[in-house]
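Trainee: Sequence first, predicted coordinates after that:
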Amino acid sequence: LQKFASCIEVNPDLTRAIVSFQADKRKPFFSWLKYKEAFSADLVRYLLREFAGELRPHTRREILDPFSGIGTTLVTAAAEGWDATGIELLPVGAAATTARLAATRVDLQEFARCYQHLKELDFTRARTSFAFPHIRITRNAFPSQTETEISVFRAFMETIHDSDVRALVCLAALAVLEDCSFTRKDGQYLRWDNRSGRKGKSEFRKGLVLDFKSALCARVGQIGRDLQLIEPSLGTSRVELIEGSCLLTLPKLETNRFHLTVTSPPYCNRYDYTRTYALELAFLGYTDSDVSRLRQTLLSATVENRSKGSSLLDYYGTIGRGGFYAEANASVEQCDALQEVLSLLNSARSQGKLNNGNIPAMIRNYFFEMSFVIKELARVTAAGGRIIMINDNVQYHGEGIPVDLILSDFAQRAGLVVERIWVLQRGKGNSSQQMGIHGRRENRKGVYVWHKPGRGL
Ligand SMILES: C[S@@+](CC[C@H](N)C(=O)[O-])C[C@H]1O[C@@H](n2cnc3c(N)ncnc32)[C@H](O)[C@@H]1O
């Protein structure tokens with residue numbers, strides 16, 4: 001804290017709404033799919049205003065988001081003339097980004113024709129070979145009429161040949177699955193309504209479960225109206241979405257290329273994207289083993305994640321950058337704050353005081369992987385460029401983990417200057433369970449600004 005105290009500053013412009021998906025909840029285009037993990041377009045615009053001024057006029061501006069989610073950074077910056085590159089591993093985020101890009105060029109008449117066909121479709125006759133491809137954790141998620149309707153829709157999808165229309169209609173289906181199911185995305189997991197018939201004594205009632213056909217047609221209709229209302233144009237900007245893990249794709253990007261990175265990695269909070277988005281993943285054709293593999297490939301933030309240490313060691317060896325691996329690893333070993341947290345949590349673990357014994361390993365894995373991400377970001381950023389990262393501090397067993405300070409320490413070791421750690425006026429409280437035991441303590445929510453020294457821009 002002493003090391004970075006002079007950089008920490010409350011920024012009243014950064015409200016909870018703009019650093020989360022809240023600010024975009026009702027906006028055309030942004031509201032099509034509820035992705036609670038997103039930040040808002042207003043935040044991206046604010047950061048572009050703050051930091052783009054220093055670029056020389058007429059420079060081709062390049063922005064990067066290695067955890068691009070539904071593409072908020074990409075689409076917002078591209079609309080302001082930036083070339084944008086995103087990396088996203090979760091197919092739900094990638095499908096949303098593809099649809100958002102499709103919206104900028106789709107043939108409106110083709111879209112309207114497809115919408116008309118959809119409304120005229122007979123949704124009562126099941127198409128068994130197109131049944132919802134359930135995985136273990138999605139079984140019984142839908143009423144049987146919905147299963148029938150989904151099968152009709154999946155068969156219909158095969159007949160849409162225009163890839164832009166298809167991407168938009170697929171997004172509409174992804175967007176309504178939860179509302180038509182007996183589940184609700186709730187914190188870390190899916191909650192199950194007691195009408196699902198799943199074993200266990202759930203008392204939970206989610207209220208109205210929507211009928212798939214009506215919900216889908218309503219969403220496709222909304223998208224159609226929004227497409228007429230707004231003219232989402234990317235002008236001459238180029239947007240590239242790389243589908244895969246940034247741990248394996250960042251090393252392939254060119255050195256000194258990007259002027260700005262605006263990104264928000266998964267938080268170190270045990271949130272499991274593969275469980276929360278199980279319905280959508282199954283809809284997109286992910287099998288049980290695909291989902292387990294995906295969980296292990298995502299940045300480690302759950303107690304089930306195994307270490308990626310040996311695979312990263314092999315990978316960096318194969319590309320002839322073993323030294324880079326050693327330096328990233330050293331950032332973790334030499335970070336006193338992180339080592340202190342780990343030793344306290346390991347001692348709580350050996351006294352049986354943690355509610356899950358894998359928490360210290362999860363925290364180590366999280367920071368280990370982030371040390372690679374940060375070192376790679378420092379490499380691909382042009383001299384004079386900036387990296388802006390949004391993240392939350394967390395706490396386990398009453399032990400506050402200063403994610404902002406630890407990651408800023410990694411940034412400094414990677415040759416970046418820690419300019420600011422902007423914090424929101426009020427941080428987020430700890431979980432109710434933790435609050436009962438350890439009292440109310442706020443976790444700082446921060447926007448970190450790191451600068452690559454030099455005058456390259
Ligand atoms: C906090 S969200 C970012 C949301 C984004 N800012 C937006 O507005 O949509 C973090 C994202 O990182 C993605 N992710 C997790 N592990 C990843 C990895 N190894 N490589 C690339 N993306 C990953 C998740 O799927 C998630 O979409």
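Mentor: Arrived safely.
Trainee: so what's Leu344 up against?
Mentor: Taking C-beta atoms under 8 Å, 6 or more residues apart in numbering, we find Leu344 in contact with Glu399. Yep, even glycine has a C-beta here, placed from its N, CA and C like the rest.
Trainee: and it, how far is that from Val303?
Mentor: 18 Å (C-beta to C-beta, to the nearest Å).
Trainee: Would you tell me which strand is longest in this structure?
Mentor: Criterion DSSP state E: the longest strand present in the chain is strand 381-392.
Trainee: helices or strands up against it?
Mentor: Helices and strands touching strand 381-392, by 3 or more C-beta pairs under 8 Å, 6 or more residues apart in numbering; DSSP states H and E, are helix 41-52, strand 258-263, helix 359-380, helix 403-413, strand 445-451.
Trainee: Looking at the ones you listed, spot the one closest to the ligand.
Mentor: strand 258-263 (6.6 Å; C-beta to the nearest ligand atom).
Trainee: helices or strands next to whatever helix or strand comes next after the closest one in the packing?
Mentor: Remark: after strand 258-263, the chain's next helix or strand is helix 273-276, criterion DSSP states H and E. Applying 3+ C-beta pairs under 8 Å, 6+ apart, one finds that helix 273-276 contacts strand 189-192, helix 288-297.
Trainee: buried sites along the helix or strand containing Leu174?
Mentor: Counting by DSSP H and E, the element that carries Leu174 is helix 163-176. Judged by neighbour count using 16 or more other C-beta atoms under 10 Å, the buried positions of helix 163-176 are 164-176.
Trainee: repeat for stretch 95-115
Mentor: 95-104, 106, 111, 114-115.
Trainee: Check stretch 252-269 too.
Mentor: Result for stretch 252-269 [16+ other C-beta under 10 Å]: buried residues 253, 258-269.
Trainee: likewise stretch 316-331?
Mentor: By neighbour count on 16+ other C-beta under 10 Å, the buried set for stretch 316-331 is Tyr316, Phe324, Tyr325, Ala328, Asn329, Ser331.
Trainee: Then stretch 11-24?
Mentor: Buried-residue list, stretch 11-24, by 16+ other C-beta under 10 Å: Asn11, Leu14, Thr15, Ile18, Val19, Ser20, Phe21, Ala23, Asp24.
Trainee: With the ligand in mind, check whether that stretch reaches it.
Mentor: No - counting by C-beta under 6 Å from any ligand atom, the ligand is not contacted by stretch 11-24; separation bottoms out at 7.2 Å.
Trainee: related to what we said a few turns ago, of the buried residues of stretch 316-331, which belong to strands?
Mentor: Using DSSP E, none of the buried residues of stretch 316-331 sit in strands.
Trainee: what residues does stretch 233-245 touch?
Mentor: For stretch 233-245, the surrounding residues in contact (C-beta under 8 Å, 6+ apart) are 68, 71, 74-75, 77-79, 81-89, 91, 94, 97-98, 101, 104, 249, 297-298.
Trainee: Please name the spatially closest residue to the residue of the stretch 51-200 of the chain found nearest the ligand (chain neighbours excluded).
Mentor: Residue nearest to the ligand within the stretch 51-200 of the chain: Gly69 (2.2 Å; C-beta to the nearest ligand atom). In this structure, Gly69 finds its nearest non-sequential neighbour in Gly93, 4.6 Å apart by C-beta to C-beta, 6 or more residues apart in numbering.
Trainee: measure the one you found to Glu280 for me?
Mentor: 10 Å.
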